[in-house]
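> build me a model from this:
(chains A and B)
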Number of protein chains: 2
Amino acid sequence: MEIELKELNADLQFLSQSLPDPSHHALLRKIQLRVEDIAKLAAATPVRRSKVEDMSAEVVDSNPYSRLMALQRMGIVENYERIRDFSVAIVGIGGVGSVAAEMLTRCGIGRLLLYDYDKVELANMNRLFFRPDQVGLTKTDAAVQTLSDINPDVVLESYTLNITTVTGFETFMSSLKKKSFRPNKEGSGVDLVLSCVDNYEARMAVNQACNELNQTWMESGVSEDAVSGHIQLLIPGESACFACAPPLVVASGVDERTLKREGVCAASLPTTMGVVAGLLVQNTLKLLLGFGQVSPYLGYNSLKDFFPTMQMKPNPQCSNVACLKRQEEYMLAKPARDAAAKAKMEAEVLSTEEVPLHNDNEWNISVVDDVELDGPDTRSPDVLPEGLTRELPSADEFHKATLDSPEADNDDLEDLRRQLEAINSA
Amino acid sequence: MEIELKELNADLQFLSQSLPDPSHHALLRKIQLRVEDIAKLAAATPVRRSKVEDMSAEVVDSNPYSRLMALQRMGIVENYERIRDFSVAIVGIGGVGSVAAEMLTRCGIGRLLLYDYDKVELANMNRLFFRPDQVGLTKTDAAVQTLSDINPDVVLESYTLNITTVTGFETFMSSLKKKSFRPNKEGSGVDLVLSCVDNYEARMAVNQACNELNQTWMESGVSEDAVSGHIQLLIPGESACFACAPPLVVASGVDERTLKREGVCAASLPTTMGVVAGLLVQNTLKLLLGFGQVSPYLGYNSLKDFFPTMQMKPNPQCSNVACLKRQEEYMLAKPARDAAAKAKMEAEVLSTEEVPLHNDNEWNISVVDDVELDGPDTRSPDVLPEGLTRELPSADEFHKATLDSPEADNDDLEDLRRQLEAINSA
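As a prediction, the model looks like this:
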């Protein structure tokens, strides 16, 4: 409408110059002012919120981050605002990727990199995110439109390309390496890559890029019959890469290339895709912000509401050369890693001992143990009142013995992994 | 802008009449035509898809239902189009309810009834669905705006009211009873009620209404620390009602009324809410369209990706009078229900025997067993070649014996429930 209004103005200007009678000029000036008002109305975009400088925890209706910053007060996350430092790349902006992008945008992620080459169609409307008025736009353009309206604080970068082509893969690699958002960041320019693609070829391209860049990533997938899905964490060298083991269930008896062929299409549901996107981003938040346990693999069988978990070690005979290189590095770094883990664990034991039971004791309540009240210094658990001995070693002595024993030195991480498996299989 | 354009037209008309020189009239006419074009542009609403008469399974990009109708070809759902017959009421259009409404809308549900009294605020933007430009609208109005754009085929009814007030509860009850959408429907006017509210009082109101109307409903909830949630199926008389047992975990040590108090707010995440909404609507689809197993209760602990299940029978000492009435009716109807279940099971056994192994044998392949090739009529499993006897009874004979035995008559449903529990606990 901008062009039409400009042309109208030009005509009015021309008319004004050709009118001899000054009495007409006043009326024409009024008309010109009206057109100016209409131009202003036409230019007015829908209400958008302005960017915010810092994430506030203030509880007011106008604060878009109050319910997220409350995660700190609830004791779930130590420093929520760190989320603004992170960059996440999402490959495939379809039923899972678009919802994952919206969730991360609403969580206030620092920067999102979006990759897709497809266009929005009415046939996509059975999944969340895209709207019928976006039909014909590229998925990346439509996503940037919607996401920037939702949260202007997020830095959005969109790449309309196919990562399985040679030039597409090159652009993909260089975009992941770019560090302009956080120049001092170690490793690549992104903190996590989320694969939300719908075919084996694209997954292998993401796998190749992440193995080469030593980049942690998460895989996601939904079955062709729309009723099951999974997410998987892949840390190059540490866990199985996508080439280490064949995919569990992705396509069943159907050649992938037929999926988009005329007359043949896979089923999909907004529910399954929404659940998989939710599980994927929840594990992303746990990994980035350091809370809870990140699942190495989590399946979703919606017919039985069954959620299998498992863990896969890398395959020493993996066909991917970059994976083998990462495996070698991981093995070489094992002694240093174990020493660091042990030091961290000991530091945590010490700091736990020093922390008072109740950090905020606003009523100044002091609890007095009436059994030990009259003895000597009972604040140290190692000192007992005269005449008493221990039947069993105290918890601290037991803990110290365990930490010092040669068995414990052996493989702390292996032990932790076994514990994780035991919890998962329970 | 409509008014401004009208005023502009009036001024141009007045100018046209006061201009003496005919040479100016041609220019003015051109200006008037331009304004007409601008008015047309301003009146043009964004592209919306038109309603469709029938759900088509045709695989073309312009078909919004192709990926849903594919559920039939994949063998998941027998008749997907039945979804257009169903009415679902959603109470609470917040973080879970709004996403549930969007999922059902994209699935092409027949009719949605939406209940909420709250307005959209920027503080809601950390969850899916609402947009910043909707701030200030009621959640029901904003939802109708978004949902009708997404899928004009869905009949939307919105009720901006608080169901915990006397008049609000009365309107809620009468709206559930209304049968104008499907006059021949048995029971109430809706097929399912989804409770997506955030407080105990509102849950008790839904519970009261559903017990009185003998209406199956599903409960959902998310914890105040944003990292866990649950869904629960409630069938009056058959399973525990909300008053039969106190809620497992809803609020922890915080009075509900403080939740919305200045300075205090619960945490929330789009991930947890999205997962709970997805699990809720997935179980809704399973219940309405008859596929998979509907979970009686499903929890989501996002810190450990743990999904507990359980089943609760009604409490014979429940404080809710309507619940006790439904329990009595359920017990009285037990013999008829068992007989119907048995008849259905027997009919299914018979029909399974009649169905050929491969329904569509487009290549006309016939499998020939070379062992039995030369014997007499081996197509019937009961007829063996001369000289052969069975060591064990055939599968059909065994099945028939089991069905005829008095033990099997005892309680088929109890047996099915035990099987379900065994699967869930596995």
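> go through the helix or strand containing A:Glu346 and flag the buried ones.
Under the criterion of DSSP states H and E, A:Glu346 resides in helix A:334-354. Neighbour-count burial for helix A:334-354 flags A:Asp338 (criterion: 16 or more other Cβ atoms under 10 Å in any protein chain shown). For the C-beta atoms, the positions are set from N, CA and C on the backbone; glycine is no exception.
> how about stretch A:68-87?
Buried, per 16+ other Cβ under 10 Å, within stretch A:68-87: A:68-71, A:73, A:76-77, A:80-81, A:83, A:86-87.
> list the contacts of that stretch.
Applying Cβ atoms under 8 Å, 6 or more residues apart in numbering or on different chains, the external contacts of stretch A:68-87 come out as A:54-57, A:59, A:107-113, A:153, A:181-182, A:189-192, A:285, A:288-291, B:126, B:224-227, B:265-269.
> buried subset of those residues?
A:55, A:57, A:59, A:107-113, A:153, A:181, A:189-192, A:285, A:288-289, A:291, B:126, B:224-227, B:265-269.
> so which helix or strand takes in the most centrally placed residue in chain A?
The centroid of chain A falls nearest to A:Thr284 when counting by Cα atoms, centre = their mean (3.7 Å). Element membership for A:Thr284, per DSSP H and E: helix A:270-289.
> got the angle between that helix and helix B:270-289?
Calculated by axes from the mean of the first three to the mean of the last three Cα atoms, to 10 degrees, helix A:270-289 forms an angle of 160 degrees with helix B:270-289.
> neighbouring contacts of the helix or strand following helix A:270-289?
Sequence-wise, the next helix or strand downstream of helix A:270-289 (DSSP H and E) is strand A:297-301. Applying Cβ under 8 Å, 6+ apart, the contact partners of strand A:297-301 are A:227-233, A:248, A:272, A:275-276, A:279, A:283, A:306-312, B:305.
> stretch A:111-118 now?
By Cβ under 8 Å, 6+ apart, stretch A:111-118 touches A:86-94, A:97, A:101, A:104-105, A:138-140, A:143-144, A:147, A:154-163, A:168, A:172, A:175-176, A:181, A:190.
> hmm, back to that, dump the helix holding A:Glu346 to CSV, restricted to CA.
C-alpha atoms of helix A:334-354 as CSV (Å, rounded to 0.1, in the frame of the first residue of the first chain):
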residue,chain,number,x,y,z
LYS,A,334,40.5,-39.9,30.4
PRO,A,335,43.1,-39.6,33.2
ALA,A,336,42.8,-35.8,33.3
ARG,A,337,39.0,-36.1,33.2
ASP,A,338,38.9,-38.6,36.0
ALA,A,339,41.2,-36.5,38.2
ALA,A,340,39.0,-33.4,37.6
ALA,A,341,35.9,-35.4,38.4
LYS,A,342,37.5,-36.6,41.6
ALA,A,343,38.7,-33.2,42.6
LYS,A,344,35.2,-31.8,42.0
MET,A,345,33.5,-34.5,44.0
GLU,A,346,35.9,-33.9,47.0
ALA,A,347,35.4,-30.2,46.8
GLU,A,348,31.6,-30.7,46.8
VAL,A,349,31.9,-33.0,49.9
LEU,A,350,33.9,-30.3,51.7
SER,A,351,31.6,-27.5,50.8
THR,A,352,28.6,-29.6,51.9
GLU,A,353,30.2,-30.0,55.3
GLU,A,354,30.6,-26.2,55.6
